[in-house]
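*Asks:* Show me the folded form of this:
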Amino acid sequence: ADAARVAALRTLTAVGLESVAYKLPDELSGGQAQRVAVARALASQPRMILADEPTGQLDHATARDLFNVLLSSLASSDTALVVATHDQIIADLMENVWVGRHGRLEVAR
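*Replies:* Numbers count the residues shown, from 1 in each chain. Next up is the predicted model:
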């Protein structure tokens, strides 16, 4: 339990939310809830993260900062990251990009 608490606090700090560590979910804004979800995913050190519009409720600067934290946290891990986004700024940060067109996925990069 102590190791989980330390990991949770470390990842909350990484996404700039150490101040909400002891708040209940209904006390968080939509953007804070999204950042907590990213921190929760990082804290568990999964083999894969599937993220559907992970920055949808964030302004562009916060979204970019959060995504850079996510990518740097995953850089030294074996965790695969799959992101569905309409945000071109986030797509530009990804190594591989596929675009959905007419019900099919096409390699964009």
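*Asks:* What strand or helix carries the residue nearest the centre of the chain?
*Replies:* The residue lying closest to the centre of the chain (CA atoms, centre = their mean) is Val38, at 4.0 Å. Under the criterion of DSSP states H and E, Val38 resides in helix 30-43.
*Asks:* Show me what that helix is packed up against.
*Replies:* Here helix 30-43 touches helix 2-14, strand 48-52, helix 60-75, going by 3 or more CB pairs under 8 Å, 6 or more residues apart in numbering; DSSP states H and E. In short, each C-beta sits where N, CA and C put it, glycine included.
*Asks:* Deepest-packed of these, please.
*Replies:* helix 60-75 (a mean of 16; mean count of other CB atoms under 10 Å).
*Asks:* If you count contacts, what does that one end up packed against?
*Replies:* Looks like helix 60-75 contacts helix 2-14, helix 30-43, strand 80-84, helix 88-92 (3+ CB pairs under 8 Å, 6+ apart).
*Asks:* Relative to Ala63, which of those is closest?
*Replies:* If you check each of the helices and strands packed on helix 60-75 against Ala63 by CB to CB, helix 88-92 wins as the nearest, at 6.5 Å.
*Asks:* mind exporting the following helix or strand past that closest one as CSV, just the C-alpha atoms?
*Replies:* Using DSSP H and E, the next helix or strand after helix 88-92 towards the C-terminus is strand 98-101. Output of strand 98-101 as CSV, limited to C-alpha atoms (Å, rounded to 0.1, in the frame of the first residue of the first chain):
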residue,chain,number,x,y,z
TRP,A,98,-2.8,6.5,-38.9
VAL,A,99,-5.7,8.5,-40.2
GLY,A,100,-9.3,7.2,-40.5
ARG,A,101,-10.8,7.9,-43.9
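*Asks:* average pLDDT across strand 98-101?
*Replies:* Averaged across strand 98-101, pLDDT comes to 92.
*Asks:* Please name the strands paired to it in the sheet, noting orientation.
*Replies:* Next to strand 98-101 in the sheet, as set by DSSP bridges, lie strand 104-107 (antiparallel).
*Asks:* which residues sit against the partner strand?
*Replies:* Outside strand 104-107, the residues within contact range by CB atoms under 8 Å, 6 or more residues apart in numbering are 96-100.
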